[in-house]
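In: Starting from these lines, generate the structure:
(one chain, ligands or ions: 2)
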Amino acid sequence: MSVTLYPRPPLAVMAATVLAGVLLHPPGAWAQAKDAFPNGCVDCHTSTSKAGDTRLSTHLKEWMNAIPPALLEKTKASVTDPSKIKGKHPAVPKAAAATPQSCMTTCHRRGSTMAPPFATLMHAVHLTGSGNQFVSQFQGQCTHCHKMDPKSGAWRIPSGAEK
Ligand code: HEC
Ligand code: HEC
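Out: Ligands and ions are numbered 1, 2, ... in the order given. Model (predicted):
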C-alpha cells in the first residue's frame, strides 16, 4: 500500500501560488514604507495622540510642578551626578517652537553636566522599563527619531514646531 504524505498540488495551484508571490512582492518591496513621523518628536507627541495630549510643552507644565517618579528615576540614571537633579523642570520660553533642537542646543546637549544629555535620556525614556509603550506600540524603532539621508548616508534628528 502506498501512502502519499505530501501529495503534489495540481500544477495550476502551484503556478497561482508563484504568481501571487510575485505580485505581492514586486521588485520595490524592499523600499521603506512611508515614514509616519518625518519630523520625529513633534509628529508623535501631539495634542491628539492615542494617549491624549502628549505634547512636550504640555508635559513641561506638569514637570514645572513635579517630574513623575518613573521619569525622575530615568533622569537620575542618565546623568553623571544625580544629586544635581532636583525633581522639577525650569520654565522654558517658546518651548513649542523647535523640538528637540531648542532642548539640545541649550541644556540637554552632548556631554552636558547641567541637565541630562538627550542621547542618554531619550534612549532611557523610550527604550527601557517594563511595559514601555514606545517599545510595545512603536516597536522601539530607532528611525522614528533618527532619519537617514539616503543619498549621503548621514543621520540626523529632525526638529520642528509642535502641532
Ligand atoms: C513614534 C512616537 C514617538 C516619538 C517619535 C517620540 N516619542 Fe517620546 N514618547 C513616546 C511614547 C509612546 C512615550 C511613553 C513611553 C513609556 O511608556 O514610558 C514617550 C515618552 C516621552 C517622554 C517621557 C514622558 C513622561 O511623562 O514620562 C519624553 C520626555 C519624550 N517622550 C520626549 C521625546 C522627544 C524629545 C522626542 C524626539 C527626540 C520623542 N519623545 C520622540 C512616543 C514617541
Ligand atoms: C525617542 C527618540 C530616539 C529614539 C527612539 C532613538 N534615539 Fe538615538 N538619539 C536620540 C537623541 C535625541 C540623540 C542625541 C542627539 C544629539 O545629542 O545630537 C540620540 C543619539 C544617538 C546616538 C549618538 C551617540 C550618543 O550617545 O551621543 C546614537 C549612536 C543613537 N542615538 C543610536 C540609536 C539607536 C541604535 C536607536 C534604536 C535602538 C536609537 N538611537 C533610538 C533620540 C532617539
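In: OK, contacts around the residue nearest the centre of the chain?
Out: Closest residue to the average C-alpha location of the chain: H144 at 4.1 Å, with C-alpha atoms, centre = their mean. For H144, the contact set (C-beta atoms under 8 Å, 6 or more residues apart in numbering) comprises 37, 40, 44, 138. In short, each C-beta sits where N, CA and C put it, glycine included.
In: In strands only, show me these.
Out: Among these, no residue falls in strands (DSSP state E).
In: ok, the nearest residue to D53 once chain neighbours are set aside - how many residues close by?
Out: Distance criterion C-beta to C-beta, 6 or more residues apart in numbering; nearest residue to D53, sequence neighbours excluded, is S47 at 4.7 Å. S47 is flanked by 12 other residues according to other C-beta atoms under 10 Å.
In: right, and S47 touches K163 too?
Out: Yes - in this structure S47 lies within contact range of K163 using C-beta atoms under 8 Å: 7.0 Å.
In: all helices of the protein, in order?
Out: Secondary structure of the chain (DSSP state H): helices located at 11-24, 41-44, 56-65, 69-77, 101-106, 118-127, 133-138.
In: Off-centre distance for the shortest one?
Out: So the one you mean is helix 41-44. 9 Å (C-alpha atoms, centre = their mean, to the nearest Å).
In: tell me the mean pLDDT for that helix?
Out: Helix 41-44 carries an average pLDDT of 98.
In: same question, stretch 136-147
Out: Mean predicted lDDT for stretch 136-147 stands at 97.
In: okay, how far is it across that stretch, tip to tip?
Out: Distance across stretch 136-147, first residue to last, is 21 Å (C-alpha to C-alpha, to the nearest Å).
In: what's the burial count for the spatially closest residue to A119 that is not a sequence neighbour?
Out: Leaving aside its chain neighbours, A119 sits nearest to R110 (6.4 Å; criterion: C-beta to C-beta, 6+ apart). By the criterion of other C-beta under 10 Å, R110 has 9 neighbours.
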